[in-house]
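Engineer: just coords:
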């Protein structure tokens with residue numbers, strides 16, 4: 001029980017918990033957008049199942065640390081396939097299992113967010129004439145599960161790089177997902193109530209998708225830049241919404 005009085009463990013726990021929450025933002029945004037396609041009575045259930053699956057996947061990956069770290073070993077060398085001899089660029093095309101998962105997950109995220117943006121820009125008229133496409137609960141959960149795997153892998157590798165004790169890692173993940181569960185409904189409501197915010201969220205997911213595919217080829221885009229840009233955009237949009245509401249209220253009272 002010495003860990004209870006060890007300040008280093010508590011500092012590691014708090015730091016990792018905050019980091020896991022930040023890394024989970026893109027997970028929540030994706031789940032919120034996907035669950036919004038379901039009937040209202042199923043949306044909360046889909047969000048809860050999506051986040052619980054994320055928790056289970058993270059914990060299972062933590063218990064399989066040896067396997068997870070093995071995913072960082074070189075698996076495919078594309079430079080040999082295509083006979084590229086320039087060493088300066090050849091190293092970027094040596095892919096590990098993790099790189100392949102990030103690449104496929106990134107492409108999937110780019111495809112989903114681009115499709116959603118297209119529907120938002122042009123789909124409103126199509127829906128009015130063709131009728132709304134029916135989306136099954138199972139298909140939404142499968143899509144959430146695919147992205148849960150990608151985000152969980154990123155999250156677990158980050159945790160392993162920061163902390164040595166598996167107990168601290170698991171505790172941090174459980175607390176972080178618990179906070180995500182509590183905040184998911186309010187975030188989902190905010191994203192889906194305002195079309196402009198939803199478009200920003202889709203643009204954010206598109207950027208995350210590009211970041212994941214770039215990372216697969218050893219091109220690291222600091223996520224802090226993406227999160228800051230997104231937070232700034234949301235803040236500006238929030239102020240815009242507030243000003244519009246005040247202007248509307250004055251017009252109604254005037």
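Structural biologist: Perfect, thanks for sending it. Every value quoted in this text rests on a predicted model; they were computed, and no experiment measured them. Residues are numbered from 1 along each chain as shown.

Engineer: Would you state the helices of the protein in chain order?
Structural biologist: Along the chain, counting by DSSP state H, helices occupy 7-23, 25-35, 40-63, 65-70, 78-81, 87-90, 97-130, 137-162, 166-193, 195-216, 223-253.

Engineer: Throw those into CSV and include mean neighbour count and mean pLDDT, thanks.
Structural biologist: Any C-beta I mention is one placed from the backbone N, CA and C, and that applies to glycine too. Formatted as CSV, the helices of the chain follow (neighbours: other CB atoms under 10 Å; pLDDT from 0 to 100):
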stretch, mean neighbour count, mean pLDDT
helix 7-23, 15, 78
helix 25-35, 23, 84
helix 40-63, 18, 87
helix 65-70, 13, 68
helix 78-81, 13, 71
helix 87-90, 10, 67
helix 97-130, 15, 73
helix 137-162, 19, 80
helix 166-193, 17, 84
helix 195-216, 20, 83
helix 223-253, 12, 82
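
Engineer: Counting neighbours, what do you get for residue 64?
Structural biologist: When neighbours are counted by other CB atoms under 10 Å, residue 64 registers 13.

Engineer: Quick check: phi and psi on it?
Structural biologist: The phi and psi torsions at residue 64 (degrees, to the nearest 10) take the values phi -120, psi 40.

Engineer: For it, which residues are in contact?
Structural biologist: Listed by CB atoms under 8 Å, 6 or more residues apart in numbering, the contact set of residue 64 is empty.

Engineer: Residue 105 contacts residue 149, correct?
Structural biologist: Yes - counting by CB atoms under 8 Å, residue 149 is a contact partner of residue 105 at 7.2 Å.

Engineer: anything in contact with each of those two?
Structural biologist: Here residue 105 and residue 149 share no contacting residue, scored by CB under 8 Å, 6+ apart.

Engineer: what about residue 72, neighbour count?
Structural biologist: Applying other CB under 10 Å, we find 13 residues neighbouring residue 72.

Engineer: can you tell me how far it sits from residue 145?
Structural biologist: Distance of residue 72 to residue 145, computed by CB to CB, to the nearest Å: 23 Å.

Engineer: any idea how far residue 45 is from residue 233?
Structural biologist: According to CB to CB, residue 233 stands 30 Å off from residue 45.

Engineer: again with residue 235
Structural biologist: Going from residue 235 to residue 45 by CB to CB gives 31 Å.

Engineer: Could you do residue 54 as well?
Structural biologist: 15 Å.

Engineer: May I have the beta-bridge partners of residue 76?
Structural biologist: Note on residue 76: beta-bridge partners residue 95, judged by DSSP bridges.

Engineer: Which residues are in contact with it?
Structural biologist: Counting by CB under 8 Å, 6+ apart, residue 76 touches 94, 95, 100.

Engineer: Show me which of those is closest to residue 39.
Structural biologist: Residue 39 has its nearest neighbour among the contacts of residue 76 in residue 100, at 35.7 Å by CB to CB.

Engineer: so that closest one makes contact with residue 75?
Structural biologist: Yes - using CB under 8 Å, residue 100 is in contact with residue 75, at 6.9 Å.

Engineer: For residue 220, grab phi and psi.
Structural biologist: Per-residue torsions, residue 220: phi -90, psi 120 (degrees, to the nearest 10).

Engineer: Can you report how many residues neighbour it?
Structural biologist: 9.

Engineer: Equivalent analysis for residue 222, please.
Structural biologist: Residue 222 has 9 neighbours, counted by other CB under 10 Å.

Engineer: What distance do you get for it to residue 199?
Structural biologist: Going from residue 222 to residue 199 by CB to CB gives 24 Å.

Engineer: Backbone dihedrals for residue 219, please?
Structural biologist: According to degrees, to the nearest 10, residue 219 has phi -110, psi 100.

Engineer: quick one: contacts for the spatially closest residue to residue 78 that is not a sequence neighbour?
Structural biologist: Among residues not flanking residue 78 along the chain, residue 93 sits closest, at 3.8 Å (CB to CB, 6 or more residues apart in numbering). Residue 93 makes contacts with 77, 78, 79, 84, 217, as judged by CB under 8 Å, 6+ apart.
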